[in-house]
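Sequence plus predicted model, see below.
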Amino acid sequence: MIVKKVINNNVIISENEFGTEIIVMGSGIGFKKKVSDSIDSHLIEKTYVSNDQWSVNKLTQLLSSIPIEHIQVANEIITFAKVSLGKNLSDNLFLTLTDHINYAIERHNDALEIKNALLWEIKRFYNHEYLIGKEALSIIKNKLSVDLPDDEAGFIALHIVNAELNMNKVSQVSEMTEVIQKILNIVKYHFGNDIDEYSLNYERFITHLKFFVQRLFSGIQLDTDDLTGFMFTLKEKYLSEYQCALKIEQFIKNEFGRSLHEDELVYLTIHIKRIVN
């Protein structure tokens, strides 16, 4: 692997075996390096490859202006998140999370803390990701001696959820969270009582809503054809729950201009039946 361009002492541009441009990072990896010099593989801490040239350019610009310690911390957090969740995450997370952590530290040093208006919902709907965010704060404190507030654990959680769902913007995850809360409110108001948020059925319902709302944002229509004819039975046996599902559909029509397929109504009705009993 050879140097194509030196960004700074810690970041260089190279190519992989397929001729694709990659970003190579490591403490001191670019020190006194020139174009066509060989890269010391022992110094490589992270490589980033993307078919999206905009992401490569944006990351190159970002990495040229922030401390290597912030890059290393972001990489450690992402590695921990992948292991904890047991799944791959969008490569774009390295760009967005590194940028966020660097900016959060800058704001903290300037005593400009931002409150996370969705922190309560994030703890409820994305608890695993929030706990990863809490661990991320511990990593930042141990590595950089910066004690960020709990609100930042919520922001980091949103970045991780965004990478799990492979969505375009973190703001979409915030919007999804608000939609989930509104749907839960519809259920609560319809039945006039609170929902047991510590039950297994509640966890199942939240999981269903996450993918349900993701489908709405992605424009995907659920249509399995496996539940054809089942709706009539539901209307008879679970009339109130079905009526609640119709209220959710009306909300979706108002917010997104879309009607729900019968299969979506069936699943909503079944989940609502579980959590109210």
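Thanks, I have it.

Any regions of this protein where pLDDT drops low?
Residues of the chain meeting the criterion pLDDT under 70: 50-52, 54-55, 167-168, 220-232.

In it, mark out all the helices, start to finish.
For the chain, applying DSSP state H gives helices covering 53-63, 68-85, 92-109, 119-125, 127-144, 150-165, 170-191, 200-218, 230-237, 239-256, 262-276.

So which of the ones you listed has the densest surroundings on average?
Greatest average neighbour count among those goes to helix 150-165 (a mean of 24), per mean count of other Cβ atoms under 10 Å. Where C-beta positions appear, they are placed from N, C-alpha and C, glycine not excepted.

and that one, what does it pack onto?
Applying 3 or more Cβ pairs under 8 Å, 6 or more residues apart in numbering; DSSP states H and E, we find helix 150-165 packed against helix 68-85, helix 92-109, helix 119-125, helix 127-144, helix 170-191.

Contacts for that helix next, please.
77, 81, 85, 87, 89-90, 92-93, 96-97, 100-101, 104, 113-116, 118-119, 122-123, 126, 129-130, 132-134, 136-137, 169-170, 172-174, 177, 214 (Cβ atoms under 8 Å, 6 or more residues apart in numbering).

about what we covered before: and the helices of the chain as CSV, adding distance to M1?
Output for the helices of the chain, formatted as CSV (distance: least, Cβ to Cβ, whole Å):
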stretch, distance to M1
helix 53-63, 16
helix 68-85, 19
helix 92-109, 19
helix 119-125, 40
helix 127-144, 27
helix 150-165, 27
helix 170-191, 32
helix 200-218, 37
helix 230-237, 58
helix 239-256, 47
helix 262-276, 49
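
hmm, what's the outermost residue in the protein?
Distance from the centre of the chain peaks at E236, with 39.2 Å (Cα atoms, centre = their mean).

ok now do that residue, which residues does it touch?
By Cβ under 8 Å, 6+ apart, E236 lies in contact with nothing.

The chain should start at 32 in everything you say after this.
In the new count, where the first residue is 32, that last one comes out as E267.

What is the burial count for F49?
Using other Cβ atoms under 10 Å, the number of residues around F49 comes to 7.

any idea how far V80 is from it?
Relative to V80, F49 is positioned 9 Å away (Cβ to Cβ, to the nearest Å).

Please apply the same query to T91.
Using Cβ to Cβ, T91 is found at 12 Å from V80.

Before I go, just wanted to say thanks for your time.
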